[in-house]
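K.L.:
need a 3D model of the sequence below.
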Amino acid sequence: MAFVHRMAVMYSSTVVFLSLLTARLSQNSETGWNWFFVFIPLWVCDLIELTFLIVKMISHCRVGYDPSDMCLSMVNKVWFVFMLGLKISFQVVLCVRLQYARSMAIYWVFIPLWLMLGLSAVRLFPWSSKLR
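P.N.:
Next comes the predicted model:
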């Protein structure tokens, strides 16, 4: 899938998510939608990205390298899958908190997000010295 198509899918899923979110949060709305239903457009976009990453990883393993994407090593691809997993786990725990477990402490919800941000900052830190 070309970059333009991926951006179009991401844009449209974001617009649908924001539309569902505003419909769910509106005060005079009679929609009693589940929070998992509201997050479906984001999960579809994440599933598409995960599928592309796994296909690229399989191609990398079968050939020994990925001829379509020479700049990403296998370590980077595994890193992207791990970060996508943390993002999806944050979204799922957030939905569980909003829908079912109101008594759950909010810091339990944000642990995957904090891990994702902290690990990204640590991973990007060595590159900052090479940019100078």
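K.L.:
name the residues of stretch 108-123 that are buried.
P.N.:
Within stretch 108-123, the residues that qualify as buried are 109, 112-113, 116, counting by 16 or more other C-beta atoms under 10 Å. Using the backbone N, CA and C atoms, a C-beta is placed for each residue, glycine as well.
K.L.:
can you check stretch 85-97 too?
P.N.:
Judged by neighbour count (16+ other C-beta under 10 Å), stretch 85-97 contains these buried residues: 86-88, 90-91, 93-95, 97.
K.L.:
same deal with stretch 48-68?
P.N.:
For stretch 48-68, burial by neighbour count (16+ other C-beta under 10 Å) applies to 49-50, 53, 56-57, 60, 66.
K.L.:
same check, this time on stretch 38-50
P.N.:
Buried residues in stretch 38-50, counting neighbours by 16+ other C-beta under 10 Å, are found at 38-39, 41-43, 45-46, 49-50.
K.L.:
sticking with the closest residue to residue 80 other than its chain neighbours, tell me its helix or strand.
P.N.:
Of all residues not flanking residue 80 in the chain, residue 53 sits nearest, at 5.7 Å (C-beta to C-beta, 6 or more residues apart in numbering). Using DSSP states H and E, the element containing residue 53 is helix 40-63.
K.L.:
what is that helix packed up against?
P.N.:
When contacts are defined as 3 or more C-beta pairs under 8 Å, 6 or more residues apart in numbering; DSSP states H and E, helix 40-63 packs onto helix 3-25, helix 74-99.
K.L.:
let's see it as PDB, backbone CA atoms only.
P.N.:
C-alpha atoms of helix 40-63 as PDB (Å, rounded to 0.1, in the frame of the first residue of the first chain):
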ATOM      1  CA  ILE A  40     -12.900   0.200  16.600                       C
ATOM      2  CA  PRO A  41     -11.600   2.700  13.900                       C
ATOM      3  CA  LEU A  42      -8.300   3.100  15.700                       C
ATOM      4  CA  TRP A  43      -7.900  -0.600  16.100                       C
ATOM      5  CA  VAL A  44      -8.600  -1.200  12.400                       C
ATOM      6  CA  CYS A  45      -5.900   1.200  11.500                       C
ATOM      7  CA  ASP A  46      -3.500  -0.400  14.000                       C
ATOM      8  CA  LEU A  47      -4.400  -3.900  12.700                       C
ATOM      9  CA  ILE A  48      -3.500  -2.800   9.100                       C
ATOM     10  CA  GLU A  49      -0.200  -1.400  10.300                       C
ATOM     11  CA  LEU A  50       0.500  -4.500  12.300                       C
ATOM     12  CA  THR A  51      -0.200  -6.600   9.200                       C
ATOM     13  CA  PHE A  52       2.200  -4.700   7.100                       C
ATOM     14  CA  LEU A  53       4.900  -4.900   9.700                       C
ATOM     15  CA  ILE A  54       4.500  -8.700  10.000                       C
ATOM     16  CA  VAL A  55       4.500  -9.100   6.200                       C
ATOM     17  CA  LYS A  56       7.700  -7.100   6.000                       C
ATOM     18  CA  MET A  57       9.200  -9.200   8.900                       C
ATOM     19  CA  ILE A  58       8.300 -12.400   7.100                       C
ATOM     20  CA  SER A  59       9.800 -11.100   3.900                       C
ATOM     21  CA  HIS A  60      13.000 -10.100   5.700                       C
ATOM     22  CA  CYS A  61      13.300 -13.600   7.200                       C
ATOM     23  CA  ARG A  62      12.600 -15.500   4.000                       C
ATOM     24  CA  VAL A  63      15.100 -13.500   1.800                       C
END
